[in-house]
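Enquirer: this one's structure only:
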């Protein structure tokens with residue numbers, strides 16, 4: 001573990017657990033390949049570290065959201081594996097990093113096809129077809145034009161045709177079958193190419209959602225891809241925060257900004273060195289629990305910028321210098337923290353701040 005000051009919180013990232021999750025998903029995705037989605041700095045856990053661990057485990061396909069993420073990831077993992085940029089980029093902008101753009105419009109197609117024809121070397125790319133998200137991807141009109149004129153793709157080495165599921169985490173949603181049918185229809189009208197379909201939750205929807213390349217993200221990091229069932233993934237992250245001070249207060253004394261909580265009995269209040277500036281969400285105020293050696297510790301009052309307070313009245317052994325587990329302990333997995341904050345586990349992870357000491361477990 002890196003050297004840790006007594007006032008620093010520690011974010012522990014279990015790289016072998018991420019690799020194990022990827023291997024489990026790779027077995028589920030067989031015979032198709034399974035990528036690693038490492039956008040948003042590896043969902044807040046460190047894209048370079050995660051990328052290197054996945055590459056060493058055999059992952060050969062990666063997805064990021066933005067161009068700079070792709071350039072940084074290439075520097076971290078080296079040449080070879082495909083790194084696709086979901087937001088796309090213009091020809092030549094990848095700074096010789098050998099990245100693969102996702103083409104989200106006919107304008108993107110024209111740019112990359114033109115560059116390929118001009119250079120005499122077809123440009124590798126992925127084509128994104130919108131089947132129900134109404135965000136990025138070719139809409140119905142653009143798809144019809146491309147289906148009618150495959151020559152628009154001359155100059156492109158089309159690696160995959162992809163789409164994105166809107167409701168995969170709701171297994172009973174009719175949107176899933178509708179998108180699968182739309183995707184199949186779209187691919188029938190396009191040049192023969194491999195298909196890239198399921199996200200994390202989509203990989204659990206059955207054989208109709210299998211493809212040549214699946215691209216799980218959240219499941220790699222321990223978020224439950226099947227919210228209506230027990231989590232099949234290993235937990236990956238743990239956040240331990242030091243107790244800076246324990247204060248005894250009489251009944252009736254308020255704690256924290258806004259005086260939103262007041263002691264209903266003589267109480268002991270532990271103040272820990274984590275706040276919303278560290279990505280511990282303000283919406284957790286008076287809702288979250290921490291874990292101390294398997295026992296729940298309720299958060300009281302508001303989460304402030306640098307500090308958060310907990311009621312340790314029933315845990316008299318807690319003293320300054322002890323550490324509470326805010327994420328990753330009993331009752332406070334990322335999904336459980338998210339439920340208390342009224343959000344999703346993705347936001348809990350991607351909000352994690354830069355002030356933590358990061359300890360990467362490697363085996």
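Expert: Happy to help now that I have it. Fair warning: this is a prediction, and the values are worked out from it, not measured in the lab.
Enquirer: Is it correct that residue 22 is in contact with residue 38?
Expert: No - with contact defined as Cβ atoms under 8 Å, residue 22 does not count as touching residue 38 (10.9 Å). Quick note: C-beta positions are derived from backbone N, CA and C, even for glycine.
Enquirer: what's the overlap in contacts for the two?
Expert: residue 54 (Cβ atoms under 8 Å, 6 or more residues apart in numbering).
Enquirer: higher neighbour count, these two?
Expert: Counted by other Cβ atoms under 10 Å, residue 22 and residue 38 do not tie: residue 38 has more neighbours, with 32 against 23.
Enquirer: tell me the domain ranges of the chain?
Expert: Listed by automatic domain parsing, the domain ranges of the chain are 15-221, 237-332.
Enquirer: What's the end-to-end length of the last one?
Expert: Its first and final residues considered, domain 237-332 spans 11 Å by Cα to Cα, to the nearest Å.
Enquirer: What of stretch 190-198?
Expert: For stretch 190-198, the end-to-end distance is 19 Å (Cα to Cα).
Enquirer: Report the central residue of this protein.
Expert: residue 43 (3.6 Å; Cα atoms, centre = their mean).
Enquirer: residues touching that residue, list them.
Expert: Contact analysis of residue 43 by Cβ under 8 Å, 6+ apart lists 217, 218, 220, 221, 346, 349, 350.
Enquirer: which residues of the stretch 1-150 of the chain fall in helices?
Expert: 15-29, 39-43, 47-57, 67-77, 106-119, 140-148 (DSSP state H, counting those that start in this stretch).
Enquirer: Mean neighbour count, these: which tops it?
Expert: helix 39-43 (a mean of 22; mean count of other Cβ atoms under 10 Å).
Enquirer: For residue 312, give its distance to residue 291.
Expert: 12 Å (Cβ to Cβ, to the nearest Å).
Enquirer: higher neighbour count, these two?
Expert: Taking other Cβ under 10 Å, residue 312 and residue 291 do not tie; residue 312 has more neighbours (25 against 19).
Enquirer: can you pull the contacts of that one?
Expert: Applying Cβ under 8 Å, 6+ apart, the residues contacting residue 312 are 246, 268, 269, 270, 292, 297, 318.
Enquirer: so the last one sits right up against residue 269, yeah?
Expert: No - taking contact to mean Cβ under 8 Å, the distance of 10.5 Å between residue 318 and residue 269 leaves them out of contact.
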